[in-house]
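Chemist: have a look at this prediction, sequence included:
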Number of protein chains: 6
Amino acid sequence: MSHSHKEHREHAPKEVSFFVITVSSSRYSKMQRKEPVIDESGDVAKDLIIKSGNKIIGYSLVPDNKLLILKAVVDAILNDKVDVVVTSGGTGFTPSDITVETLRGIFDREVEGFGQVFRNLSLEQPEVKSASYLSKATAGIINGKVIYVLPGSPDAVKLAMEQLIIPEVGHLLYLIRSTT
Amino acid sequence: MSHSHKEHREHAPKEVSFFVITVSSSRYSKMQRKEPVIDESGDVAKDLIIKSGNKIIGYSLVPDNKLLILKAVVDAILNDKVDVVVTSGGTGFTPSDITVETLRGIFDREVEGFGQVFRNLSLEQPEVKSASYLSKATAGIINGKVIYVLPGSPDAVKLAMEQLIIPEVGHLLYLIRSTT
Amino acid sequence: MSHSHKEHREHAPKEVSFFVITVSSSRYSKMQRKEPVIDESGDVAKDLIIKSGNKIIGYSLVPDNKLLILKAVVDAILNDKVDVVVTSGGTGFTPSDITVETLRGIFDREVEGFGQVFRNLSLEQPEVKSASYLSKATAGIINGKVIYVLPGSPDAVKLAMEQLIIPEVGHLLYLIRSTT
Amino acid sequence: MSHSHKEHREHAPKEVSFFVITVSSSRYSKMQRKEPVIDESGDVAKDLIIKSGNKIIGYSLVPDNKLLILKAVVDAILNDKVDVVVTSGGTGFTPSDITVETLRGIFDREVEGFGQVFRNLSLEQPEVKSASYLSKATAGIINGKVIYVLPGSPDAVKLAMEQLIIPEVGHLLYLIRSTT
Amino acid sequence: MSHSHKEHREHAPKEVSFFVITVSSSRYSKMQRKEPVIDESGDVAKDLIIKSGNKIIGYSLVPDNKLLILKAVVDAILNDKVDVVVTSGGTGFTPSDITVETLRGIFDREVEGFGQVFRNLSLEQPEVKSASYLSKATAGIINGKVIYVLPGSPDAVKLAMEQLIIPEVGHLLYLIRSTT
Amino acid sequence: MSHSHKEHREHAPKEVSFFVITVSSSRYSKMQRKEPVIDESGDVAKDLIIKSGNKIIGYSLVPDNKLLILKAVVDAILNDKVDVVVTSGGTGFTPSDITVETLRGIFDREVEGFGQVFRNLSLEQPEVKSASYLSKATAGIINGKVIYVLPGSPDAVKLAMEQLIIPEVGHLLYLIRSTT
Ligand SMILES: [Mg+2]
Ligand SMILES: [Mg+2]
Ligand SMILES: [Mg+2]
Ligand SMILES: [Mg+2]
């Protein structure tokens, strides 16, 4: 990669198609019981995808369950229309938080800098500051598609989407799909 | 983890009990020879624990020896009164620095963001700047307790304690001990 | 490591000897076809080494090929005159980028903070910003020598050399070669 | 585990429910083209399950594709009726063989002795002998269920089923589901 | 290592000093309640050590608890009189079996062939046969000492001690302590 | 891999080209001092290659030095005429034995069954028996070529060459170079 970031961004696809997955046992239980579910972090992701001129292919809500997380992500990646999967939830340190460990097992390649840069930006948020080290947010590549693994907090999703994902996802897709 | 950091901090234990371990072959040798030992980094950790309204359960001084480091940390974690272990020393790149490699082998889970956020803060210290990349400081979880693995420099201990550990350790304990 | 960074820097060698390796299939092909090759990132590295009062022992240009990267780096480290190897290129996310994965396999120890601190500094560059997470730049230690694994962009090489490598490489060599 | 194997076998479930997955791009292509597919290894597995008094819950045929293998195995494990998944194919050393690497990424725990003992038995088969080292057959545990990852050869499936899986699978299920 | 096994065995220490650790929550609970404890696997190990002309330095009984296993093994290795530690129990697939995973975290080097060869020998025992693949028995080296991690069954301990440990442990100590 | 081993062996190349590398600090020192060097294990490998109708492309002798082992193996693999590399020495447990750890770092894929099957065969040799677990012999694949990593004992080299390598190496080359 010796060309400039500017040139790469010019080659990036103009519209990127997202699949959004919320990982939350509490919201999933409500859904199972047919109660109204407010999924604020999922809504933030969807809003920002639309507002930035990109596309939403689908959405799902799964509990903090290794197999259901795997199933949701594998199904999303197998969908030919999907370029990028964004998950939200399960990236912290409660015993039930397993999204990062689960998805790392299936990445072709981890985008190891994503979590670090995300924590840097979080550290500067007045309401997060030192709590930034309590997130394991990361990203990875599977089969020419990108998976972003974000925390469950709506503010964290907003920060990651606005500062890191929307500005660079087309660039990253261009890189991972390049043939030379 | 979808609630706010603010709410989590409110649920955190009000007083946290620490065990402090200094890892330094030179100070350990002095102690073995009954010479006076000045352990500045250990003293900084202890002072800040007390001043922040938390508690010190115990302290030990061990050399840069894999088995003695393991023994000190395992004993501290087995102590029912201890919530958090802070080690200082052995996180750099001299051949004798082995604290990080040793303790990673026994973590249930690594708090992978801790070292990164600590290096970010160090980078901004005028007397550290680029030397921030020469530290492998990290943190991990064993059996519902937190182990912070800090450098041997008193300034590094002060920075980590004031900016990262004291503000968030109760929050992190709350998360790793939560049952839902 | 309990002494101050200041003291360590005073003990560091005054002149450090570098070997520069550019990893680029496109420039390598031109060289093979006897066409003129402009290797801007290699030139930036060499200029900054000289200007900072250090020494260049040699230079090579290799394609994005696991075995040729290994050969170039192993040969450079086996050269008794060489203290430090700097590679440039192949640290991104195109399928041909393999420098980081290749060299990690032979590190005695990874300088895990280097990539993180480098991405922090990149994040603050107006022309990089969020693209900072698209680099896997890292560093490692083999046999008492340091290998820095930098991106192929001349600006990235300049940033890493000026802000991180030249200020600390002597310090790091002092640490990894210390006997106590 | 200090009781005898004999006692454990007595506690094992009397009937075990299997899901059989054949991994073969060539047979999958035929199926996609509506041509007749002979899946000898799948048939051997199914026959031996029935003859041993156990049960078949389902069967699927997937190509040597990471995502389709993951999907098939995750779906099988999510099926409440399934105790054990047996895959056949993709455990060798052609570039398309990826079943073992794929499934290792999602095991909770690997049954590391299975592949070794299987190769021991293969070594004694006159038509396999030294070729026994060319198989990466393995087994693993996910969520209280067992996944056996067998080669694509019908003889290998027969050997593994008769000598290792049918005699011990109930025993292994008993162990992984025990609560003390 | 190019000399013959015969020569090596001649250089091996004539008497080797063992520490025996039984890992069993049920026997540990009995001991805690002051009830009589029969520790058959521990007794088998001790008998065979004595009968073979070697020495027992100590014995302990710990539950299937990561920290208590670590403490027992670290203390045994720190004992200057101890050459070899033998643990028994916790090498299978019940959820409480954690001895292998725990001790792997602290090995300097794993003796990766030990478990395999042990399973080969088990496979030939009429009362074990295919159950041989249900053991994760292994061995490792820490600080010039050997740790054998055996199953909890007395027959398994007898097999490993008689066929693998007593015949070779002096040879292995000679190798790991050699200075050329 | 669903075809029979017999068919595969028929497709295998009729003549395979080997590069032999002996890893031995003592023999290397003699060579450096211009003393006569008897390299029995290297000679055994070369004899068996010739007698089996295969070809030797080259030979080298290196000490137990990570960088010189890497250099020798990388150079051999880069040689277009070479199909297979056989190393002998450095697979045991003296502190200087590092061949296995070094080469694992550069394998594209490990032939994980090779070491196991080799230890099985060694276990049956009257002069090896239980000492079979003291070898870490293994094999791996790099760039469509096979690297066998054998012990330094001439008997071990003979056993591996006759029983495992010569009978299957063509078969394995056929598999790793197959394009479907
Ligand atoms: Mg490039
Ligand atoms: Mg949650
Ligand atoms: Mg120190
Ligand atoms: Mg196949």
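Modeler: Right, received. Where do you want to start? Ligands and ions are numbered 1, 2, ... in the order given.
Chemist: can I assume residue A:21 sits in a helix?
Modeler: No - counting by DSSP: H, G, I helix; E, B strand; the rest coil, residue A:21 falls outside a helix, being strand.
Chemist: could you give the bridge partners of the nearest residue to it once chain neighbours are set aside?
Modeler: Excluding its sequence neighbours, the residue lying closest to residue A:21 (C-beta to C-beta, 6 or more residues apart in numbering or on different chains) is residue A:87, at 4.5 Å. Every residue, glycine included, has its C-beta placed from N, CA and C. As for beta bridges, residue A:87 partners with residue A:21, residue A:149 under DSSP bridges.
Chemist: can you name the residues that contact residue A:87?
Modeler: A:21, A:22, A:23, A:69, A:73, A:99, A:103, A:147, A:148, A:149, A:150 (C-beta atoms under 8 Å, 6 or more residues apart in numbering or on different chains).
Chemist: mind redoing it with 6 Å?
Modeler: A:21, A:23, A:99, A:149 (C-beta atoms under 6 Å, 6 or more residues apart in numbering or on different chains).
Chemist: would TSV of those with distance to ligand 3 be doable?
Modeler: Shown next, in TSV, are those (distance: C-beta to the ion, whole Å):
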residue	distance to ligand 3
A:21	45
A:23	41
A:99	37
A:149	36
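Chemist: which one of the residues you listed is nearest to chain E?
Modeler: residue A:99 (22.2 Å; C-beta to the nearest C-beta).
Chemist: in contact with that closest one, which residues?
Modeler: A:23, A:69, A:87, A:90, A:91, A:149.
Chemist: work out for me the element the nearest residue to it once chain neighbours are set aside sits within.
Modeler: Excluding the flanking residues, the one nearest residue A:99 by C-beta to C-beta, 6+ apart is residue A:90, at 3.2 Å. Residue A:90 belongs to no helix or strand when elements are defined using DSSP states H and E.
Chemist: I figured residue A:90 hits residue A:96, correct?
Modeler: No - in terms of C-beta atoms under 6 Å, residue A:90 does not count as a neighbour of residue A:96; the distance is 7.4 Å.
Chemist: who has more neighbours, the two?
Modeler: Set residue A:90 next to residue A:96 and count neighbours by other C-beta atoms under 10 Å in any protein chain shown: residue A:90 wins out with 31 against 17.
Chemist: between residue A:90 and residue A:96, which contacts overlap?
Modeler: In contact with both residue A:90 and residue A:96: residue A:64, using C-beta under 6 Å, 6+ apart.
Chemist: quick one: stretch A:115-122 to chain centroid distance?
Modeler: Computed by C-alpha atoms, centre = their mean, to the nearest Å, the chain-centroid distance of stretch A:115-122 equals 14 Å.
Chemist: does ligand 2 have contacts with the host helix or strand of residue A:44?
Modeler: Using DSSP H and E, residue A:44 maps to helix A:40-51. No - using C-beta under 5 Å from the ion, helix A:40-51 stays clear of ligand 2, coming no nearer than 9.8 Å.
Chemist: what helices and strands are in contact with that helix?
Modeler: strand A:17-23, helix A:154-160 (3 or more C-beta pairs under 6 Å, 6 or more residues apart in numbering or on different chains; DSSP states H and E).
Chemist: apply 8 Å and report the result again.
Modeler: strand A:17-23, strand A:55-62, strand A:84-88, helix A:154-160 (3 or more C-beta pairs under 8 Å, 6 or more residues apart in numbering or on different chains; DSSP states H and E).
Chemist: the ones you listed: which one's closest to residue F:41?
Modeler: strand A:84-88 (52.6 Å; C-beta to C-beta).
Chemist: list the buried residues for the closest one?
Modeler: For strand A:84-88, the neighbour count (16 or more other C-beta atoms under 10 Å in any protein chain shown) marks A:84, A:85, A:86, A:87, A:88 as buried.
Chemist: quick check: of these, which lies closest to chain D?
Modeler: Once C-beta to the nearest C-beta is applied, the member of those that ends up nearest chain D is residue A:85, at 12.0 Å.
Chemist: from ligand 1, how far out is whatever residue of chain A ends up closest to chain E?
Modeler: Of all residues in chain A, residue A:95 sits closest to chain E, at 14.6 Å by C-beta to the nearest C-beta. For residue A:95, the distance to ligand 1 equals 42 Å [C-beta to the ion, to the nearest Å].
Chemist: kindly reformat the helices and strands packed on helix A:40-51 as TSV containing distance to residue A:179 and mean pLDDT.
Modeler: What follows is these, written out as TSV (distance: least, C-beta to C-beta, whole Å; pLDDT from 0 to 100):
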stretch	distance to residue A:179	mean pLDDT
strand A:17-23	21	98
strand A:55-62	24	98
strand A:84-88	20	98
helix A:154-160	29	98
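Chemist: ok, the closest residue to residue A:78 other than its chain neighbours - contacts?
Modeler: In this structure, residue A:78 finds its nearest non-sequential neighbour in residue D:67, 5.3 Å apart by C-beta to C-beta, 6+ apart. Neighbour list for residue D:67: A:74, A:77, A:78, A:142, A:143 [criterion: C-beta under 8 Å, 6+ apart].
Chemist: which of these fall within strands?
Modeler: residue A:142 (DSSP state E).
Chemist: of the contacts of residue D:67, just say which sits nearest to chain C.
Modeler: residue A:143 (11.6 Å).
Chemist: burial of the closest one, as a residue count?
Modeler: Residue A:143 has 12 nearby residues by other C-beta under 10 Å.
Chemist: what does residue A:79 give?
Modeler: 15.
Chemist: would you quantify the distance from it to residue A:17?
Modeler: Per C-beta to C-beta, to the nearest Å, residue A:79 is found 9 Å from residue A:17.
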